[in-house]
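> Structure of the sequence below:
(one chain, ligands or ions: 1)
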Amino acid sequence: MRAHAATSVAATKPQPLPAGEFGYSIEDFEFIATTLYEDAGIHLPSTKANLVYSRLAKRLRKLGLESFRDYCSFVGSSDGADERAQMIAALTTNVTRFFREPHHFEHLKDRILAPQLKDIRSGQRLRIWSAGCSSGQEPYSIALAILSLLPDARAYNVRILATDINVHVLEMARRAVYTADEVRNVPVELRRAWMEQAGSGNVRLDDGPRGLVTLRPLNLVGAWPMSGPFDAVFCRNVLIYFDEKTQMRILNRLTSLIRPGGYLYLGHSERLVGPAEALFKIDGTTVYRKLGGVEQ
Ligand SMILES: C[S@@+](CC[C@H](N)C(=O)[O-])C[C@H]1O[C@@H](n2cnc3c(N)ncnc32)[C@H](O)[C@@H]1O
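Below is the predicted model:
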């Protein structure tokens, strides 16, 4: 893609742009927004122009560039592929926390785990996908919920796949070190059982939860190497960054990887759009169930 080949993605009314350390024009913003949309499906309205400046300023500083025009030319060039990935990562929003929307984890225990415990102990597989897992709090909350009912889960065919487009947050998830404040939502008995001291007041998830989680880079608008089926998919607070067309495509692909009778968990402000709606019956507000026997 050429620098400044803007499409209509960002073509809403522009805001005043920051007059700061680096030259920055609406054409620069449009190039960045278009690249982000093409590569990651993320839709950035022009109201985010200031946010783009502040998130990328440190990249320009690091590269010794003087203007966003130079940055866009570099990102659009054949030498700029790595920086393009860095740019995408810098523009993702990674806010997350342990046991966010706790009712999802209660649902997972009551409706998926408890009824299958006996079969899982007899070798039946259990697969859960945290799609857009950020720095690991979501997949580790899933792991802790499983361990609370099945403390020897690692001995069985139980796996959690955790994926994200941003390799920096995946690295944080791999380290699995969190501050005392970050783990305050984790029930104290789970903290005692599955976390160890990591110095400076931090804690680290131990082998129990870490051993259940497989972390992989994956772009939800790219190729998906896995074939499923999953008993449950957590795709929470991710679809909100996509336009409706992209949401619909991803929801249909997710649906095809969930086993009949399996569940999809969305974030509290998200909802099903388009034809995927026909494939799920609503079971609570943001929990959806794949109809038994319905395949795409
Ligand atoms: C706000 S966080 C949500 C984290 C977690 N699911 C939760 O609800 O707490 C959104 C995550 O989606 C990831 N993301 C955004 N676009 C993506 C894409 N195209 N493919 C994969 N992950 C993406 C971001 O990197 C970010 O870590």
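> Spell out the residue ranges of the helices in the stretch 1-150 of the chain.
Counting by DSSP state H, counting those that start in this stretch, one finds helices in the stretch 1-150 of the chain at the ranges 26-40, 49-63, 68-76, 81-91, 102-107, 114-121, 137-149.
> Oh, that last question was meant for the stretch 151-296 of the chain, not what I typed.
Assigned by DSSP H, counting those that start in this stretch, the helices in the stretch 151-296 of the chain fall at 167-175, 188-194, 207-212, 244-257.
> pLDDT score for A40?
A40 carries a pLDDT score of 97 in this model.
> for the one 3 residues further on, same thing?
H43 is assigned a pLDDT of 94 by the prediction.
> which residues touch it?
The contact partners of H43, by C-beta atoms under 8 Å, 6 or more residues apart in numbering, come to 9, 37, 241-243, 246. To be clear about C-beta, it is placed using only N, CA and C from the backbone, and glycine gets the same treatment.
> same thing but at 10 Å, please
H43 sits next to 9-10, 33, 36-37, 240-247 when contact means C-beta atoms under 10 Å, 6 or more residues apart in numbering.
> ditto for H268
H268 sits next to 100-101, 103-104, 236-237, 285-286 when contact means C-beta under 10 Å, 6+ apart.
> Make a PyMOL selection of the buried ones in those residues.
Here is the PyMOL command that selects only those of those that count as buried (16 or more other C-beta atoms under 10 Å):
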select buried, resi 100+101+104+236+237+286
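> ok, which of the contacts of H268 also contact the ligand?
100, 236-237 (C-beta under 6 Å from any ligand atom).
> got those residues as a markdown table, with pLDDT and distance to T214 columns?
Listed next are the ones next to the ligand among the contacts of H268 as a markdown table, based on pLDDT from 0 to 100; distance: C-beta to C-beta, whole Å:
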| residue | pLDDT | distance to T214 |
| --- | --- | --- |
| R100 | 97 | 21 |
| R236 | 98 | 19 |
| N237 | 97 | 21 |
